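K.L.:
Need a 3D model of the sequence below.
(2 chains, ligands or ions: 2)
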Amino acid sequence: MLKIKNLHASVEDKEILKGINLEINAGEVHAIMGPNGSGKSTLANVVAGKEEYEQTSGEIIFENQEISELEADERAHKGLFLSFQYPVEIPGVSVTNFMKTAINENRKAQGLEDMPAKDMLKKIREKSELLDMDRKFLSRSLNEGFSGGEKKRNEIFQMAMLEPKLAILDETDSGLDIDALRIVSNGVNKLRTKDNAVLVITHYQRLLDYIVPDYVHVLLEGKIVKSGGKELAYKLEEHGYDWIKEEMKAV
Amino acid sequence: MELKDKLISSFFAFEEHVDVNTKVHNTRSEAMKNFEATGFPTRKDEDWKYTSLKSILKEDYSLFPKKEDAIEYKDVKKYFIHDIDAYTIVFIDGIYSSHLSQTTHDKIDACLMSSALSKDKYKPIIEKYFNKIAPKTSLNSLNTAFSREGAFINIPKNTVADKPIQILNFSTGNESALMLQPRNLVILGENSNVQIIERHQSLTDNAVLTNSVTEIYAEKRAILDYYKIQNDKSSASLIDNTYVEQKDDSNCSIHTFSFGGKLTRNNLQFFQKGEHIDSTMKGVTIIEDKQHVDHNTLVHHIEPNCESHQDYKGIYDDKSVGVFNGKVVVEKEAQKTNAFQSNNNILVSDKATINSKPQLEIFADDVKCSHGCTIGQLDEDAMFYLKSRGIPEKEARALLMYAFANNVLSSVKIPELQQRINKLIANKLNVNLGFDL
Ligand SMILES: Nc1ncnc2c1ncn2[C@@H]1O[C@H](COP(=O)(O)OP(=O)(O)OP(=O)(O)O)[C@@H](O)[C@H]1O
Ligand SMILES: [Mg+2]
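P.N.:
Numbering: from 1, shown residues only, chains lettered A, B, ... in the order given. Ligands and ions are numbered 1, 2, ... in the order given. As a prediction, the model looks like this:
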């Protein structure tokens, strides 16, 4: 589904991603862990198509197509979704209207008519119930004044609405209380099928108890330096990253 | 002949059509003298520093259209807010159109300035209110000199107008260039309430210059909501001069939506003559090409315990020019004044310009006054957020612009009008955002 080959990216001439290789197949869950500032969000943003980051070399192949030259919206149309670490507040657009625009623009890209209003409302109701979202949020301005946890829940609500092939969840767990973490993770799990995939970026093992990864990767200073199964996450939780740094020095 | 000279000489012709032996006509003659002495404003005038009338004064305007043109309702239907029941006062090339209008004298007067100026029964009202608050600027004087027609709205005390009133000014393009000078008078008696919608609309691409004066008087506890829709052709220019005098506990708001026209200048002034008055001015300007919109506002806080709110939003594309000059004067006696002013602008193109100048003159010490002015671009992070959800560049920009203007739009109290303005914006931005804008 997603194949990243030797990806280098920089911002303001500072190289942040220094040769990332990653392959994610349909049906899989991957997790990326790594210290603050190691480049996890940068990777997510580059894959989603943020122009601020310059992709200096390498390939991003999504659904058998090199997408490096595509605009962010075109990548979304192909089924890519990013749940932001810091969702942007947009006063003046309600969650509902925003979702209507997003859904219908995705449909337009697929050559479909606007979704009938009735179906839209039904879908919004269903997905907000899936995430146990208060209806009040739907008429509020997008993310404006939402608490940290509410923003994250709203991100997953959008994922549920858009039904992407690959969802990248950038620290979706941070800011969620214990109950919310369970609800949101259940939401994500319910959306999983054998045809889609999830890439979770997290600092904590806890989330991975809910969304169980097939692979765990460690990102350090712009490179994936170690990959393993879910047991790697336990080891990181217990020992931190120093032992990996030591290992690297030894090599 | 220069336009000024043409106006001066045609005043004699004008006099043949009005009763010259009246107080009103004395006022006109005085005003004409004043205009003769001052002429049109130029950029040397401090208030006109950023707006030049030069290019629009070059046209050879007809001052009195030759004939009444019978336009059909179907040709102009789209300019009416027709999904609401409303009184309508329609002028075609400055002449009242009875077949397109629905006026009333039942409980309220929603009728014609020409009859108010000439009929005996309105004499006391005219003597009390006509030309009392419009400052003697050259443009106001010019309008006063030729004042004959316009809307006359009189809401007696303790009366709530049963439906909104629309004032529609159409120009047909029968003349290759036409100058119009509507004169409106709006009086709200104590405890009265009315909503008014005003629009100027040219039906062809021929040049039109409108120099309009509206005087509004709100007596104690009166409530007024006034909406101006300025979405004219790029051959039409408008100088709108509107003055509002408010008495105790009255509440007046004026919304100005400027989406089109060649040059638009709004002189809007509020005079607070009482306590516990609330005055609101809001505006959304969205323009492109070489369009020019200038908002020149004044709130004069004269007495204590009053409020004023100004909120102007502007979005400027291409080589368009915006001007905001917002003056707030708080007199020494006007303690406990709350005056808020904000002017936020987005420059979509790097060739667009905005001149924003707040002027606060505060002579009282116990007041709360704030003003803020921002000039920015669309937020890149917000753009990426929208695009990452599959919303393309153009639609994402439109959505952010709509969001930016939304707090002003959402304060429009007539839902059908709000819908209509949302549609105008969607059309203007050339987008369908998948929800009812
Ligand atoms: N727009 C930017 N301008 C300058 N530096 C940037 C920018 N974006 C990221 N960086 C830098 O790149 C490095 C990687 O940042 P990134 O946000 O990808 O880290 P992260 O692994 O997601 O960290 P965290 O765990 O704290 O979220 C950091 O040093 C950061 O300061
Ligand atoms: Mg991060």
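
K.L.:
Residue B:105 against residue B:115, yeah?
P.N.:
No - look at residue B:105 against residue B:115 with Cβ atoms under 8 Å: they stay out of range, at 9.7 Å. C-beta: built from backbone N, CA, C; applies to glycine.

K.L.:
who has more neighbours, those two?
P.N.:
Comparing residue B:105 with residue B:115 by neighbour count (other Cβ atoms under 10 Å in any protein chain shown), the higher total belongs to residue B:115, at 16 against 10.

K.L.:
Can you check my assumption that the more buried one lies in a helix?
P.N.:
Yes - when DSSP: H, G, I helix; E, B strand; the rest coil is applied, residue B:115 is found to be in a helix.

K.L.:
Read off the pLDDT value for it.
P.N.:
Residue B:115 is assigned a predicted lDDT (pLDDT) of 95.

K.L.:
That one reaches residue B:125, doesn't it?
P.N.:
No - if you go by Cβ under 8 Å, residue B:115 and residue B:125 don't touch, sitting 11.6 Å apart.

K.L.:
secondary structure class for the most centrally placed residue in chain A?
P.N.:
Of all residues in chain A, the one closest to the mean position by Cα atoms, centre = their mean is residue A:168, 2.0 Å from it. Of the three states, residue A:168 takes strand under three-state DSSP.

K.L.:
so how far is residue A:30 from it?
P.N.:
10 Å (Cβ to Cβ, to the nearest Å).

K.L.:
now residue A:47
P.N.:
The gap separating residue A:47 from residue A:30 is 12 Å, by Cβ to Cβ.

K.L.:
ok, back up a step: show the contacting residues for the residue nearest to the centre of chain A.
P.N.:
A:44, A:47-48, A:80-83, A:198-201 (Cβ atoms under 8 Å, 6 or more residues apart in numbering or on different chains).

K.L.:
Okay, domains of chain B per the record?
P.N.:
Domain assignment for chain B by automatic domain parsing gives B:1-273, B:281-377, B:387-437.

K.L.:
Do the last one and chain A come into contact?
P.N.:
Yes - using Cβ under 8 Å from any Cβ of the partner chain, domain B:387-437 reaches chain A at B:387-393, B:395-396, B:399-400, B:402-407, B:433-435.

K.L.:
Spatially, what comes nearest to residue 222 if we skip its sequence neighbours?
P.N.:
Unless you meant another one, I'm taking chain A. Using Cβ to Cβ, 6 or more residues apart in numbering or on different chains and skipping the chain neighbours, the partner closest in space to residue A:222 is residue A:18 (3.7 Å).

K.L.:
hm, I was asking about chain B
P.N.:
residue B:188 (3.7 Å).

K.L.:
give me the beta-bridge partners of that neighbour?
P.N.:
For residue B:188, the beta-bridge partners are residue B:155, residue B:218 (DSSP bridges).

K.L.:
so who does it touch?
P.N.:
Residues near residue B:188 by Cβ under 8 Å, 6+ apart: B:155, B:194, B:216-219, B:222-224, B:250.

K.L.:
mind giving me CSV with the residues you listed and columns for pLDDT, neighbour count and distance to ligand 2?
P.N.:
Converted to CSV, these look like this (pLDDT from 0 to 100; neighbours: other Cβ atoms under 10 Å in any protein chain shown; distance: Cβ to the ion, whole Å):
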residue, pLDDT, neighbour count, distance to ligand 2
B:155, 98, 26, 61
B:194, 98, 26, 56
B:216, 98, 24, 56
B:217, 98, 26, 60
B:218, 98, 30, 56
B:219, 98, 20, 61
B:222, 98, 26, 57
B:223, 98, 19, 52
B:224, 98, 25, 53
B:250, 98, 28, 54
